[in-house]
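**Student:** coordinates only, sequence not included:
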């Protein structure tokens, strides 16, 4: 009888242990606000929160660690070993309007992608739309596991489905361009200039490509030329006329934007040093 009781207790203990065996999936939720920052009053002091059913829908602060408009928060999600659970969550942005009154922004509305953003009323909530992720299987399937940190990263652009940051702002190109020439010793130097809208942050330049119509180049020069400057330039030696490239050969510059797109071509045909110096002297006289 004692043996039977011991066996029964042991069996119940093992069954209980098996039934309640759990694992933890560390998930870093990331929200990219770059597409809507201009619409948020006092965005530099705005606060961003995530709410989720695994934390009773309370406000959990998110932080923009890199200062790049992407807010993040790591949440440890417990799930039964070998099983998946649905995790429902939504994002909330708060600030103060110009009138000093509280301002709240939720995902949802006419601009929301309803393929992944669901009616909060279906979850007994009001306010912002709700997202859903299957943990951990969906995170494993979409390749968000990160080694060696051992976490999953889930990134959303505001009101957009998918697991990726907001796409770069399309660049409308430079507003105007100009070129001119000067002498450095026996070398002709071309100055390529371009003007951009300081508000068009999609037009930041990460490299320029320089060459000439005779087939020299293009030579790539990496760098950072922010569109916020409004004015940028690139200066390059064009030779002394005794070697390729020769005078009357057009030279060009192409801008490569951070999005990977390229600009229209800026052209300049240098003049000989003698002609340039003679013209300069004539202007002085």
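**Tutor:** Structure received. Please read all numbers here as calculations on a predicted model, not as lab measurements.
**Student:** make it CA atoms for all contacts and neighbour counts henceforth
**Tutor:** Fine.
**Student:** the helices in this structure, which residues?
**Tutor:** Using DSSP state H, the helices assigned to the chain run over residues 2-19, 137-141, 273-284.
**Student:** Lowest average pLDDT across these?
**Tutor:** Confidence, taken as mean pLDDT, is least for helix 2-19 of those (a mean of 43).
**Student:** In the stretch 151-285 of the chain, mark out all the strands, start to finish.
**Tutor:** All strands of the stretch 151-285 of the chain, identified by DSSP state E, counting those that start in this stretch, fall at 151-157, 176-184, 187-195, 205-212, 219-225, 231-239, 251-257, 266-268.
**Student:** Report all helices and strands that the fourth one contacts.
**Tutor:** If contacts are counted by 3 or more CA pairs under 8 Å, 6 or more residues apart in numbering; DSSP states H and E, strand 205-212 sits against strand 219-225, strand 251-257.
**Student:** Out of the ones you listed, which is closest to residue 165?
**Tutor:** strand 251-257 (17.8 Å; CA to CA).
**Student:** got the angle between the closest one and strand 205-212?
**Tutor:** Angle of strand 251-257 versus strand 205-212, following axes from the mean of the first three to the mean of the last three CA atoms, to 10 degrees, is 160 degrees.
**Student:** what's near enough to touch residue 233?
**Tutor:** Counting by CA atoms under 8 Å, 6 or more residues apart in numbering, residue 233 touches 191, 192, 193, 194.
**Student:** quick check: domain ranges of the chain?
**Tutor:** For the chain, whose domains are defined here by automatic domain parsing, the residue ranges read 22-157, 176-284.
**Student:** rank the ones you listed by mean pLDDT and give me the bottom one.
**Tutor:** Across the domains of the chain, the lowest-scoring stretch is domain 176-284, with a mean of 81.
**Student:** Between the domains of the chain, which one is closest to residue 164.
**Tutor:** Closest among these, using CA to CA: domain 22-157, at 5.2 Å.
**Student:** Closest one to residue 29 out of the contacts of residue 233, please.
**Tutor:** Closest to residue 29, out of all of the contacts of residue 233 and judged by CA to CA, is residue 194, at 39.3 Å.
**Student:** Please report the number of neighbouring residues for the nearest residue to the closest one once chain neighbours are set aside.
**Tutor:** Computed as CA to CA, 6 or more residues apart in numbering, the closest residue to residue 194 that is not its neighbour in sequence is residue 177, at 4.3 Å. The number of residues packed near residue 177 is 16, by other CA atoms under 10 Å.
**Student:** my guess is residue 177 contacts residue 196, does it?
**Tutor:** No - applying CA atoms under 8 Å as the test, residue 177 and residue 196 come out as separate, 9.2 Å apart.
**Student:** Now the phi/psi pair for residue 216, please.
**Tutor:** phi -70, psi 130 (degrees, to the nearest 10).
**Student:** On the strand side of things, show who residue 28 bridges to.
**Tutor:** residue 74, residue 153 (DSSP bridges).
**Student:** My read is that it contacts residue 77, right?
**Tutor:** No - with contacts defined as CA under 8 Å, residue 28 does not count as touching residue 77, sitting 10.3 Å away.
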